[in-house]
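> Build me a model from this:
(one chain, ligands or ions: 1)
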Amino acid sequence: MVTKSENGGARVGVLTGGGDCPGLNAVIRAIVRRGIFHYQDEMMGFLEGWRGVAEDDTVPLDLNAVAGILPRGGTILRTSRTNPIKHEGGIDRCLRTLAKHKLDALISIGGDDTQSVAQQLHARGAPIVGVPKTIDNDLAGTDFCFGFDTAVSIATEAIDRLHTTAEAHNRVIVVEVMGRDSGWIAMYSGIAGGADVILIPERPVDIDDVTETLKQRHHRGRYFSIVVVAEGASLRAEHHELAVTSAPGKDEFGHVRLGGIGNVLAREIEQRTGFETRAVVLGHIQRGGSPTAFDRVLATRYGVGAIEMVHRGEFGRMVSLRGNKIVSVPLKDAVGRTRTVDDDLINVAQALSDRRGAGTRAAG
Ligand code: F6P
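The predicted model follows:
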């Protein structure tokens, strides 16, 4: 059980780390409202993820701070990809900050990277509860992360719009979506948008398979095509792999910066088929703006779930969605593993493919 502050509630810190995503503010709002209204908690926010904890950079989090933020994208606490583990004495500095503020709990809202730091701090005795966040939807330990549904909706709308212009010009349009090492956004938006080919990191395919599918569509009178490619997908061409990064080096969590495969693929398709081809990179548009109703509800459920966990003393765990139930899982089971697209979903996409068993999907 948590210790109590002067007014009977707990002292709770909150941070948002890693890439932002729609719904972060909805989680913060739910934590603050539930904590203050129901438990008389005192809340404080750490700015820019783990940087704010390592450098003791805080803001008050009261009812005024969260007023009107439910539909707003981004995060009022801002975010960063700071990894205190990579900085000399970083973890000790974080522990000192938590002790200085006499925090009974810290709620870390973030994806795999953010929760891996949370896990290490918990192993050193810090009372931490995690909340799963990422548009990539690749975090183990939960069925869905908030932010994913919004990213998929944005990508699907883009694919719908690209369909009409592709058809008008008899073009192939390659749409590159985010997702890091998993193909969830590509798969969901590709199926929802009726893409003709969907390429994901989980199933590298030969570029000739892609072009054959497009040619078959062409032969049956469909002179345009939409290809959705996940930024982390790789393609085999003449016995070598084509995987694309957009910048040299890695971030503090060891990730390369992905992006650019859409343009490479578009060039290959045009050269190999003779079909006029364009590439569209959706990029950070997928992370911006207001969350969908689904994400607002999921984020709110996670926020309430996290504060309940604090008051049950369930530390070292992450709030999670299993089926339609909010539960919790150990942080150590959630970090260090990428949750990849499952075979059922891939089979659904392939079931509609012009070329059966080609690892790609085509629909009319
Ligand atoms: O993890 C979320 C994500 O949007 C990935 O899909 C993408 O590869 C990465 O973040 C982009 O990171 P940044 O915002 O640092 O460019």
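
> From here on, just use CA atoms for contacts and neighbour counts.
OK.

> Please work out the average pLDDT along the helix or strand where Glu212 lies.
Assigned by DSSP states H and E, Glu212 belongs to helix 207-219. Helix 207-219 shows a mean pLDDT of 95.

> which bits of this protein sit near the ligand?
Gly19, Thr134, Ile135, Asp136, Met178, Gly179, Arg180, Leu258 (Cα under 6 Å from any ligand atom).

> If we use 8 Å, what do you get?
By the rule Cα under 8 Å from any ligand atom, the part of the chain lying against the ligand is 18-21, 81, 111, 134-136, 177-180, 231-232, 257-259, 283-284, 286-287.

> what about the closest residue to Ile191 other than its chain neighbours, distance to Ala266?
Nearest non-adjacent residue to Ile191, counting by Cα to Cα, 6 or more residues apart in numbering: Ala349, 6.5 Å away. The spacing between Ala349 and Ala266, counted by Cα to Cα, to the nearest Å, is 21 Å.

> Please apply the same query to Ile85.
Ile85 is 40 Å from Ala266, by Cα to Cα.

> Comparing the two, which residue is more hemmed in?
Neighbour count, other Cα atoms under 10 Å: between Ile85 and Ala266, Ala266 has more, with 22 against 18.

> wait, isn't the more buried one in contact with Val174?
Yes - between Ala266 and Val174 a contact is recorded at 6.1 Å, counting by Cα atoms under 8 Å.

> what is in contact with these two at once?
Thr277, Arg278, Ala279 (Cα atoms under 8 Å, 6 or more residues apart in numbering).

> remind me which residues of the stretch 251-364 of the chain are low pLDDT?
355-364 (pLDDT under 70).

> same thing but at 80, please
353-364 (pLDDT under 80).

> Next one: the residue of it found nearest the ligand from Gly110, what distance?
Going by Cα to the nearest ligand atom, the ligand is nearest to Leu258 of the stretch 251-364 of the chain, at 5.5 Å. From Leu258 across to Gly110, the span is 20 Å (Cα to Cα).

> how about the strands of the stretch 101-250 of the chain, start to end?
105-110, 128-132, 172-177, 197-199, 205-206, 225-230, 235-237, 240-242, 245-250 (DSSP state E, counting those that start in this stretch).

> Can you flag the weakest of those by average pLDDT?
strand 240-242 (a mean of 73).

> out of the strands of the stretch 101-250 of the chain, nearest to Thr58?
Ranking the strands of the stretch 101-250 of the chain by proximity to Thr58 (Cα to Cα) places strand 105-110 first, at 12.7 Å.

> partners of that closest one, with directions?
Its sheet considered, strand 105-110 pairs with strand 11-16 (parallel), strand 128-132 (parallel) by DSSP bridges.

> element containing Gly18?
Using DSSP H and E, no helix or strand contains Gly18.

> Name the nearest residue to it, sequence neighbours excluded.
Using Cα to Cα, 6+ apart and skipping the chain neighbours, the partner closest in space to Gly18 is Arg81 (4.8 Å).

> contacting residues for that neighbour?
Gly17, Gly18, Gly19, Gly49, Trp50, Asp251, Glu252, Phe253.

> If any of the residues you listed are buried, put those into a ChimeraX selection.
Remark: buried members of the contacts of Arg81, expressed as a ChimeraX selection using 16 or more other Cα atoms under 10 Å:
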select :17,18,19,49,50,253
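
> what about Val227, neighbour count?
Count around Val227 with other Cα under 10 Å applied: 27.
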